Each structure stands twice: as C-alpha cells, then as structure tokens.
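Peer 1: Got a sequence here, can you model it:
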Amino acid sequence: DGTFRLDGHVGGHYLSALALAYASCKDATTRTELKTRLDDMISEMKKCQDVFDTNTEGLYGYVGGLPYNEVWTTLYTGDVSKFKEYGGDVPFYVMHKVMAGIRDAYVYGGNETAKTVFLKLCDWSIHVVSKLDDTAMQDILGWEHGGINEVLLDAYQLTKEDKYLTAAKKFGHQQMVQNMQTLN
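Peer 2: Below is the predicted model of the structure:
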C-alpha cells in the first residue's frame, strides 16, 4: 500500500528534546517539569526493556516501538528476509532515534538509569547482528542503515569499551564510506 512505519522513533526525538530543553532551561519550575517527564519516560522504557531479560531469541536488551519483533528475532538467527521485508519501515533508523534519545537523557538530562538502558540497548544492537557475516551485514545496510553506528561510537566514547567501536564499524555502510573517500 506504499506506507511505512516509524513506530517508536518519535519517542526518541521526544527524549532528546526533553534532555536538551532541560540542559538549557534557566527557569527552575520548567526545569523540574522537564526532568520529571524525562525521568518518567526512562523509567517506563526500562520496564519495557526488562521484560526481555530472559529472552534468548535476540531481544535481550531491546526496547523500541516497532509493532513486530520478528524483524529482530529472524535477524538474530542470521536470516535477513524479514529485515528486507520490513526494510522500507527503516528499522535501523527507528532504533537509532530511540538509542539517541536514551543517550541524550543520560548525557544532557543526567539520568543515570538512561545510561544503563542505553548501554544495554547498544549491547542488543551488537547481539542482534552477531550471526551476520560482513557480506550479509553490508547487504542489509544497502537496504537501510539508519545511523546506529553513531550511537555505538558514543557508547565507545562513554565507556572506552572496544566492543562498541568494533560494532560502530560493523554498522558502517562501506559502499557509502568508500564513495565518500573517492570524492576527496
């Protein structure tokens, strides 16, 4: 029907907006209200993420708004068919926005729980593609690459854990990177 879904990404944008507004706000009353909204949202997201704590099908650490989990559970098995079926719904883009919002809630909003949720979600993003070799990974990044590499690099900068730098590179769409290098 030509439609696509962006479920969940607005929540990420909303968290980023709350965090940045909180960080720049000078009015104490407004600042308190912004912080309360941000903290409440992170608390609810953590509850949603914790539902998957015993999941062994690729959803451990996941929190997002897509109405279907099979895109992730099949990707976790190494099968890219569902990702390609839903690729027009830009699942990596949606997750990038969710991850960036949670990161911002920690970095700009000072919410310590957000750091835990963010890193657990970053670990999920590493794990969900762990069975894909470089060829399969580049194939799906050719369909849609979102920007998860950006937030994984942020996770590396926050933690200095090499797994996040390695993952950021894995999520880099090499055709795009190589074409940019030829422009120099």
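
Peer 1: For the longest helix belonging to the chain, give me every contacting residue.
Peer 2: Using DSSP state H to define each element, the chain has its longest helix at helix 28-50. Residues outside helix 28-50 that contact it (CB atoms under 8 Å, 6 or more residues apart in numbering): 11, 14-15, 18-19, 21-22, 25, 61-63, 102, 105, 109-111, 113-114, 116-117, 120-121. Every C-beta, even on glycine, is put in place using the N, C-alpha and C of the backbone.

Peer 1: quick one: the helices in this structure?
Peer 2: For the chain, the helices defined by DSSP H occupy 9-24, 28-50, 70-76, 81-86, 91-107, 112-128, 134-143, 148-159, 162-170, 174-182.

Peer 1: what's the most buried one of those?
Peer 2: Mean neighbour count (mean count of other CB atoms under 10 Å) peaks for helix 91-107 among the helices of the chain, with a mean of 25.

Peer 1: helices or strands up against that helix?
Peer 2: helix 9-24, helix 28-50, helix 112-128, helix 148-159 (3 or more CB pairs under 8 Å, 6 or more residues apart in numbering; DSSP states H and E).

Peer 1: Export the ones you listed as TSV, with columns for mean pLDDT and distance to residue 96.
Peer 2: Below are the helices and strands packed on helix 91-107 laid out as TSV (pLDDT from 0 to 100; distance: least, CB to CB, whole Å):
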stretch	mean pLDDT	distance to residue 96
helix 9-24	95	8
helix 28-50	98	15
helix 112-128	98	9
helix 148-159	97	5
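
Peer 1: These: which one's closest to residue 92?
Peer 2: Among the helices and strands packed on helix 91-107, the nearest to residue 92 by CB to CB is helix 148-159 (5.5 Å).

Peer 1: Please save the CA atoms from that closest one in CSV.
Peer 2: Taking Å, rounded to 0.1, in the frame of the first residue of the first chain, the C-alpha atoms of helix 148-159 are listed here in CSV:
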residue,chain,number,x,y,z
ILE,A,148,23.2,3.1,14.7
ASN,A,149,27.0,3.4,14.1
GLU,A,150,26.8,7.0,15.5
VAL,A,151,25.3,5.9,18.9
LEU,A,152,27.6,2.9,19.1
LEU,A,153,30.6,5.3,18.7
ASP,A,154,29.0,7.4,21.5
ALA,A,155,28.8,4.3,23.7
TYR,A,156,32.5,3.7,23.0
GLN,A,157,33.3,7.3,24.0
LEU,A,158,31.3,6.9,27.2
THR,A,159,32.8,3.6,28.2
